[in-house]
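Novice: Give me coordinates for this.
(one chain, ligands or ions: 2)
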Amino acid sequence: MLIFQKERELGNFSPNEPVIAIKGLNHYFGTGELKKQVLYDIDLEIKAGEVVIMTGPSGSGKTTLLSLMGGLRSAQEGSLKILGQEMLGIAKGKMLKIRRQIGYIFQAHNLLKFLTAKQNVRMSLELHEEFLEQDLDQKATAILESVGLGDRVDYYPHDLSGGQKQRVAIARALVSHPKLVLADEPTAALDKQSGRDVVEIMQKLASPLARLCRSHCQHGGWSFKRLTAQKLLAKNWPFMLD
Ligand SMILES: Nc1ncnc2c1ncn2[C@@H]1O[C@H](COP(=O)(O)OP(=O)(O)OP(=O)(O)O)[C@@H](O)[C@H]1O
Ligand SMILES: [Mg+2]
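Specialist: Numbering: from 1, shown residues only. Ligands and ions are numbered 1, 2, ... in the order given. Just a heads-up that it's a prediction; the model follows:
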């Protein structure tokens, strides 16, 4: 899992505040006798400009935690603040607003199959009022060019390779300059070379943000954390820095 964050356009949100602040977060699946705890008492802070890579065994709860951080799933217990907003008990409308500020790259690309590459990317821009006055097709085409798909803008997902689809998904997640980018194993479904290409593209697209942050962030700029989810299933799990 990779998380890129940037400091630009933080609005009312102060860059000194953590972008993600999690305290005592528990999460359960199922009810009654089938109720099963998946996340145990998680504490985690991520500040603007940090890149975090989280690793952990299959089933340890990475996707669950990531989907909570992306506002895709309701928090149940503890505290989870995204961009300063407490997500526990948040109203649906507010949750949608938070979600729009986040670029989420799914493990399976989740492109809409009846839309072309350009239309998939465009759709992400259409959710933001501030872009509606701009030439959305031009913007979508430009970012697809930057991920090396300039000659595939009018292709449907079905006619793209796995790596190409993943690149469209990255373009879609980044085109609206989200404050926070969450990526769930963006390279897991790819062969080594396509995986490398995808990581390179993410680094390329994130590096201007990194530079921006380096000159503006009060926390010393772009930093890099490696977290391991080894202990996700243990009580009082501490996120460990390698
Ligand atoms: N919707 C669900 N209902 C019930 N249990 C679930 C649900 N989603 C996930 N789980 C369970 O929660 C645990 C954590 O799942 P999660 O998908 O977060 O793991 P992960 O670390 O992302 O694994 P992987 O590396 O295989 O993607 C697993 O035991 C899984 O079976
Ligand atoms: Mg997962």
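Novice: Can you give the contact residues for stretch 150-167?
Specialist: By CB atoms under 8 Å, 6 or more residues apart in numbering, the residues outside stretch 150-167 that reach it are 105, 109, 111-118, 120, 140-141, 144, 147-149, 168, 186-187, 189-191, 193-195, 197-198, 201. (Glycine included, C-beta is placed from N, CA and C.)
Novice: Among the residues you listed, which are located in strands?
Specialist: The strands, defined by DSSP state E, take in Ile105 from the contacts of stretch 150-167.
Novice: Show me which residues of this structure sit near ligand 2.
Specialist: The chain has residues 62-63 near ligand 2, with proximity defined as CB under 5 Å from the ion.
Novice: and the residue of the chain nearest ligand 2?
Specialist: Thr63 (3.2 Å; CB to the ion).
Novice: helix/strand/coil for that residue?
Specialist: Here Thr63 is helix, with the state taken from DSSP: H, G, I helix; E, B strand; the rest coil.
Novice: isn't it right up against Tyr104?
Specialist: No - counting by CB atoms under 8 Å, Tyr104 is not a contact partner of Thr63; they are 11.2 Å apart.
Novice: More neighbours: which of these two?
Specialist: Per other CB atoms under 10 Å, whichever of Thr63 and Tyr104 has more neighbours is Tyr104, with 21 against 18.
Novice: wait, what's in contact with the closest residue to the more buried one other than its chain neighbours?
Specialist: Among residues not flanking Tyr104 along the chain, Gly70 sits closest, at 4.7 Å (CB to CB, 6 or more residues apart in numbering). The contact partners of Gly70, by CB under 8 Å, 6+ apart, come to 99, 102, 104, 182.
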